[in-house]
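Asker: coordinates only, sequence not included:
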Ligand SMILES: [Cu+2]
């Protein structure tokens, strides 16, 4: 390790002895429920464990499916699995790995590590994090079980129509995918919102953005990418499900739809998805390498820039998955060049790690071995990536085993190896001892060798012509030996994972109260002494590698010498800081354990799953119960101010914030970005179908009379006047409660009425959603507006209820602020929808 520099002067730590009973009180407030009641726990440490365990379970299950695939392909002409079963198994292998393992596993590591790493007691919305976990776990388990009943989806993990339309996939397998995955994406978005607000607003005082650990940077970018990428696939699943359930022909070419629209929407999500998984894994590597090399990370700022560049550019690459679909040559050139260019910022990171290793002396525990394995395998995957980015090569390799090899090198190398490194590295921060070095070396050796034996030959298998997704092949065309080798490799890989499992099981048996702690001589805050309440006091960060540059930090933090050494309001608390400079702003009170968010997750999952099996009445009941659960959960979530408190070091903070300063306001703004991304995806689809199939579009005489659109506009305008009025009235005090209630109710009525008028106009002009891709898009607009408007109506009624019982007023107003934001957004989006579905067709229509 480089010689620790002395800390520069700060006002902390305070030398005062801490008051009697302070520590006991802190521990009591954070003490979690025991026994079965633990399902109500919301503390990130517990939820993080659950999350990681569940993600790993799905990894094992999908891995077993991979082994079944390899068994079937081991010899030519095999009848071990039937063709239909094989199709379900490879579809579920890909789907579960991507949606139920990779993204949740990364989110899980974030939820577990971020608070400690940032110096927060917990992330800002503990119940939202717990809700995201339960929704994912319940929904994912049911989704996986469809395999046992032979009703799993079988159209491949990217679910291309027309194969997945009702004509070629008549059963409910595709519906499971669409509703199940759409739902699990919602849980990923909930987690992403928590992570963004957590990273930006709950860092320890003094941890400016430039001092933030790289892992936190990558989680921030990860979550930001989820916000913009996932809505595209959510929209795609909504459209395809509408087509399957009600025959709205978005993807049916004969009726003015286009199956390629699915591919665009899917890969607009699917390509960034690769980086969504990879960036946090790279962030983990950027934490492990400096510790193991004993020297600060080389090129911190350059890495941050590279990360942002990768995140940004990855949104401009989706068409490279569609090179063989007849895209115009000019676009091919652009997307080909962009795909090769993204190797540059990715390469910057690789070189920064190599430079860091060269600058220090690398210790080689198992965590480092997995990092080296990652560097080798991911670099190879990157190289084949540059190859398939070239259009002529891709034409040959497309849909062959070459691509299967490439994607496993990128995903397994880029994500699973770093994840194993992370588990070996961070176990002592949470467990009484590190994992076994001896078993770990065996696990690494088997996994590394098995992986390469399984996937390296596949490059050749693909190049000599074996297509992916065939369930068997004839003997004697040169594929037999290679496939057998791949199968043997897969089982060696599985043996390595078994060794790892045995090690983890042995480690978990040794329970004890104190984590082993900083066994590697690390530099970041998660290695401070760690309890249920995180650290005893929240440090002031003055350098980028605090544990190296402030040598007494651990001792002083544990002695309560820094901020918030106890509880000031008797609740779970953490400090909210400013987003860039991390200056303390207010004390946030966090929600404790409860069950409403668990029942919300249960009923939301039931709603989607029952809808799949067409149990509409039951689904509706579950939907209502889900909304009620959410409202119960929200009822206590906006406690009144508890006055000003002294967090130590002479800093006095308020205990309440509203408007743009509050963490809730930030969360809602991010939610609105999600909504806007969803609507932009829709706008893309609408215009795309217009450019592809203008013949399905109406003539001017078929369009609804402009009167209905003007009436809708008037209703939305009236609603916005009432919105402004409500805002004004709340500021004027309690005398106006009755009038305010009236204004709110009239405002949401005008909003919903405007949408109804719009729909009536289209319906009366004779337009039916089944008629054409255009018609289906017009009604899809109404469906999207209805979603947002329903949310506004529910929250408005919730606000009215709080107003009437005195839980909402001019100062205790977070719920009201949330309503205002959503309401204003709903008016904007609905008005835009009018322009799009009434104005635009009129503009382009033939007379
Ligand atoms: Cu891609």
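Answerer: That came in fine, so what should we check first? Everything quoted here is computed from the prediction, not taken from an experiment. Numbering: from 1, shown residues only.
Asker: Quick one: distance of stretch 18-34 to the chain centre.
Answerer: 33 Å (Cα atoms, centre = their mean, to the nearest Å).
Asker: Now it: buried residues?
Answerer: 23, 26, 29, 30 (16 or more other Cβ atoms under 10 Å). Backbone N, C-alpha and C define where each C-beta goes, glycine included.
Asker: Adding distance to residue 391, pLDDT and secondary structure, write those out as JSON lines.
Answerer: Below are the buried residues of stretch 18-34 laid out as JSON lines (distance: Cβ to Cβ, whole Å; pLDDT from 0 to 100; DSSP: H, G, I helix; E, B strand; the rest coil):
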{"residue": "23", "distance to residue 391": "65", "pLDDT": "88", "secondary structure": "helix"}
{"residue": "26", "distance to residue 391": "61", "pLDDT": "91", "secondary structure": "helix"}
{"residue": "29", "distance to residue 391": "60", "pLDDT": "89", "secondary structure": "helix"}
{"residue": "30", "distance to residue 391": "57", "pLDDT": "90", "secondary structure": "helix"}
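Asker: what's the closest non-adjacent residue to the residue nearest to the spatial centre of the chain?
Answerer: Centre of the chain computed as the mean C-alpha position; nearest residue by Cα atoms, centre = their mean is residue 188, 3.6 Å away. Leaving aside its chain neighbours, residue 188 sits nearest to residue 103 (5.4 Å; criterion: Cβ to Cβ, 6 or more residues apart in numbering).
Asker: Hmm, the one you found is touching residue 192, no?
Answerer: No - in this structure, residue 103 is not within contact of residue 192 by Cβ atoms under 8 Å, at 9.5 Å.
Asker: any common contacting residues for those two?
Answerer: Counting by Cβ atoms under 8 Å, 6 or more residues apart in numbering, the contacts common to residue 103 and residue 192 are residue 226.
Asker: list the contacts for the residue nearest to the centre of the chain?
Answerer: Neighbours of residue 188 in contact, by Cβ under 8 Å, 6+ apart: 103, 104, 107, 132, 136, 226, 230.
Asker: Is the second one within a helix or a strand, and which one?
Answerer: Per DSSP states H and E, residue 104 falls inside helix 103-118.
Asker: and the next element down the chain from that helix?
Answerer: Sequence-wise, the next helix or strand downstream of helix 103-118 (DSSP H and E) is helix 126-145.
Asker: so what secondary structure elements neighbour that next one?
Answerer: In terms of contacts (3 or more Cβ pairs under 8 Å, 6 or more residues apart in numbering; DSSP states H and E), helix 126-145 is packed against helix 44-73, helix 103-118, helix 173-201, helix 596-612.
Asker: hmm, 6 Å instead?
Answerer: Helices and strands touching helix 126-145, by 3 or more Cβ pairs under 6 Å, 6 or more residues apart in numbering; DSSP states H and E, are helix 44-73, helix 173-201, helix 596-612.
Asker: quick one, the last one and helix 126-145 angle?
Answerer: Read that as helix 596-612. 30 degrees (axes from the mean of the first three to the mean of the last three Cα atoms, to 10 degrees).
Asker: What are the contacting residues of helix 596-612?
Answerer: Identification of contacts with helix 596-612 by Cβ atoms under 6 Å, 6 or more residues apart in numbering yields 39, 127, 130-131, 134-135, 138-139, 142, 175-176, 179, 183, 618-619, 622-623, 625-626, 629-630, 632-633.
Asker: Now that helix: average pLDDT?
Answerer: The average pLDDT for helix 596-612 rounds to 93.
Asker: Number the chain from 53, please
Answerer: Renumbered: residue one is now 53, and that last one reads helix 648-664.
Asker: Now the following helix or strand past it: buried residues?
Answerer: As assigned by DSSP H and E, the chain's next helix or strand after helix 648-664 is helix 668-687. Using 16+ other Cβ under 10 Å as the test for burial, helix 668-687 gives 671, 674, 675, 677, 678, 679, 681, 682, 683, 685, 686.
Asker: Max pairwise distance over these: which two?
Answerer: Greatest spatial distance among those (Cβ to Cβ): 671 and 686, at 22.6 Å.
Asker: Assign a three-state SS to residue 574, would you?
Answerer: Following DSSP: H, G, I helix; E, B strand; the rest coil, residue 574 is assigned to coil.
Asker: Residue 737 and residue 378, how far apart?
Answerer: Separation of residue 737 from residue 378 (Cβ to Cβ, to the nearest Å) stands at 19 Å.
Asker: Which one's more surrounded, these two?
Answerer: residue 737 (25 against 8; other Cβ atoms under 10 Å).
Asker: Name the nearest residue to the more buried one, ignoring sequence neighbours.
Answerer: Distances taken as Cβ to Cβ, 6+ apart put residue 313 closest to residue 737, at 5.6 Å, once the chain neighbours are dropped.
Asker: for residue 586, phi and psi?
Answerer: phi 70, psi -130 (degrees, to the nearest 10).
Asker: Run a quick neighbour tally on it.
Answerer: 24.
Asker: Can you name the residues bridging to it?
Answerer: When assigned by DSSP bridges, residue 586 has beta-bridge partners residue 583.
Asker: Run a quick check on it versus residue 171, I expect a contact.
Answerer: No - assessed by Cβ atoms under 6 Å, residue 586 is found out of contact with residue 171, at 8.0 Å.
Asker: what is in contact with the two at once?
Answerer: Counting by Cβ under 6 Å, 6+ apart, residue 586 and residue 171 have no contacts in common.
Asker: Which of the residues in the least confident helix or strand in the chain by mean pLDDT are classified as buried?
Answerer: Here the helix or strand of the chain ranked lowest by mean pLDDT, DSSP states H and E is helix 381-393, holding a mean of 85. The neighbour-count check on helix 381-393 (16+ other Cβ under 10 Å) flags 384, 387, 388, 390, 391, 392 as buried.
Asker: cool, and stretch 221-231?
Answerer: 221, 224, 225, 226, 227, 228, 229, 230, 231.
Asker: State the distance from the second one to residue 230.
Answerer: Residue 224 sits 10 Å away from residue 230, taking Cβ to Cβ as the criterion.
Asker: again with the first one
Answerer: In this structure, residue 221 and residue 230 are separated by 11 Å, where distance is defined by Cβ to Cβ.
Asker: what element comes up after the helix or strand in which residue 504 is found heading to the C-terminus?
Answerer: Assessed by DSSP H and E, residue 504 sits inside helix 489-515. Downstream of helix 489-515, the first helix or strand assigned by DSSP H and E is helix 532-561.
Asker: gap between that following helix and the chain center?
Answerer: Distance, centroid of helix 532-561 to centroid of chain: 28 Å (Cα atoms, centre = their mean).
Asker: Can you list the helices and strands that that helix packs against?
Answerer: helix 96-125, helix 489-515.
Asker: Select, out of these, the one closest to residue 321.
Answerer: Nearest to residue 321, of these and by Cβ to Cβ, is helix 96-125 at 19.5 Å.
Asker: in that closest one, what's buried?
Answerer: With burial defined by 16+ other Cβ under 10 Å, the residues of helix 96-125 counted as buried are 96-104, 106-111, 113-115, 117-118, 120-122, 124-125.
Asker: Would you format the helices and strands packed on helix 532-561 as CSV with mean pLDDT and distance to residue 777 included?
Answerer: Output for the helices and strands packed on helix 532-561, formatted as CSV (pLDDT from 0 to 100; distance: least, Cβ to Cβ, whole Å):
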stretch, mean pLDDT, distance to residue 777
helix 96-125, 95, 41
helix 489-515, 97, 64
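Asker: out of these, nearest to residue 817?
Answerer: helix 96-125 (48.2 Å).
Asker: same for the closest one, what does it pack against?
Answerer: Using 3+ Cβ pairs under 6 Å, 6+ apart: helix 96-125 touches helix 135-147, helix 155-170, helix 178-197, helix 532-561.
Asker: Would you mind getting the angle between that helix and helix 155-170?
Answerer: 150 degrees.
Asker: among the helices and strands packed on helix 96-125, which is nearest residue 806?
Answerer: In terms of Cβ to Cβ, the element of those nearest to residue 806 is helix 178-197, at 30.9 Å.
Asker: Off-centre distance for that closest one?
Answerer: Helix 178-197 sits 13 Å away from the centroid of its parent chain (Cα atoms, centre = their mean).
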